[in-house]
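Chemist: Structural data only, the sequence is not supplied:
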């Protein structure tokens, strides 16, 4: 069996349920494996001695995993001395914030903080990681409003930003399952010229801001399991976008007689002005018949079929059903 076939058959396991269809899964498998979401969590030995041994080994390898180490209040200080560290995995702990010492890891390329308890205003050091390419923050509490320490039943009047300014070096950003009701403005920042993969699945997003168009290098977007009813026409400016997953949202059509009063929920420009070839709409109240009447959709189908025929894009298009719809 080839390595590539093994990678495609290996399931991604994002919380709380299956995230991607076969089509979108193949495109994103590398993303989720990079983010550390593709494997079951190990039961690690923990304790100061174990941490010391791992830190010593990381001095040689540039890789450190403290996954599931029971970290709650802080990251062990020895970690901040690893100035040549390239990969750091802090997933499956109980961290509520990232220590300022993290900013000293000037060579860090990949940071995984999935499945912690990170809150608004807790990610400040990330701004200073000027070489960071992969940032995974799935299954945290970044979208929750903070409560008053004096009166826990009340929210703070002045809420800190969910995210700090993000480093321009970022290529992959994973923010699934964080209770976001809107896309944090720090994501739609024109300095993020290298961002290729964005995951905002399993949140509470009702819309996508037009400002997402500034992310000109985006190739893959995952918006599964939100409350999205339509997309802005500005997404047509994403000239590298190839894969878009909108599974289990609220996209619906009562009539295909589109007009200013009844706009097409997926703009024609998305189909005609981008290189999109992989679109998943499974779980929306939308039929195959209605989708085929969308302006621009036939152009999308023709482009998709050409790509499949040529056998390019890594063989990702294994499913030729119409965007996951019946």
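Modeler: Yep, it's here. Since we're looking at a predicted model, the values are computed, not measured.

Chemist: what's the spacing between residue 208 and residue 237?
Modeler: In this view, residue 208 and residue 237 are 13 Å apart by C-beta to C-beta, to the nearest Å. The C-beta positions use only the backbone N, C-alpha and C, and glycine is treated the same way.

Chemist: and if you look at residue 138?
Modeler: Taken as C-beta to C-beta, the span from residue 138 to residue 237 is 27 Å.

Chemist: ditto for residue 154
Modeler: Going from residue 154 to residue 237 by C-beta to C-beta gives 41 Å.

Chemist: picking up where we left off before, intersection of neighbour lists for residue 208 and residue 237?
Modeler: Common neighbours of residue 208 and residue 237, using C-beta atoms under 8 Å, 6 or more residues apart in numbering, do not exist here.

Chemist: ok, these two, which is more surrounded?
Modeler: Using other C-beta atoms under 10 Å as the criterion, residue 208 and residue 237 rank with residue 208 on top: 22 against 18.

Chemist: show me what contacts the more buried one?
Modeler: 183, 223, 228, 231-232, 235.

Chemist: quick one: which of these is nearest residue 257?
Modeler: residue 231 (19.7 Å; C-beta to C-beta).

Chemist: And the pLDDT at the closest one?
Modeler: On pLDDT, residue 231 comes in at 98.

Chemist: From residue 141, how far out is it?
Modeler: 27 Å.

Chemist: the more surrounded of those two?
Modeler: residue 231 (24 against 18).

Chemist: Check for me that the more buried one belongs to a helix.
Modeler: No - the assignment for residue 231 by DSSP: H, G, I helix; E, B strand; the rest coil gives coil, which leaves it out of any helix.

Chemist: That one contacts residue 268, correct?
Modeler: No - using C-beta atoms under 8 Å as the test, residue 231 is too far from residue 268 to be in contact (11.2 Å).

Chemist: And the strands in this structure, which stretches?
Modeler: Per DSSP state E, the chain carries strands over the ranges 63-65, 87-89, 110-112, 134-136, 172-174, 197-199, 220-222, 243-245, 278-280.

Chemist: Residue 190 and residue 166, how far apart?
Modeler: Using C-beta to C-beta, residue 190 is found at 12 Å from residue 166.

Chemist: Those two: who's more crowded?
Modeler: residue 166 (21 against 11).

Chemist: isn't the more buried one right up against residue 135?
Modeler: Yes - counting by C-beta under 8 Å, residue 166 touches residue 135, with 7.5 Å between them.

Chemist: Which residues are in contact with each of the two?
Modeler: 126, 173.

Chemist: tally of neighbours for residue 261?
Modeler: 6.

Chemist: hmm, I was thinking of residue 262
Modeler: Residue 262, neighbours per other C-beta under 10 Å, totals 12.

Chemist: Name the nearest residue to it, ignoring sequence neighbours.
Modeler: Among residues not flanking residue 262 along the chain, residue 255 sits closest, at 6.0 Å (C-beta to C-beta, 6 or more residues apart in numbering).

Chemist: Can you read off the pLDDT for that neighbour?
Modeler: 94.
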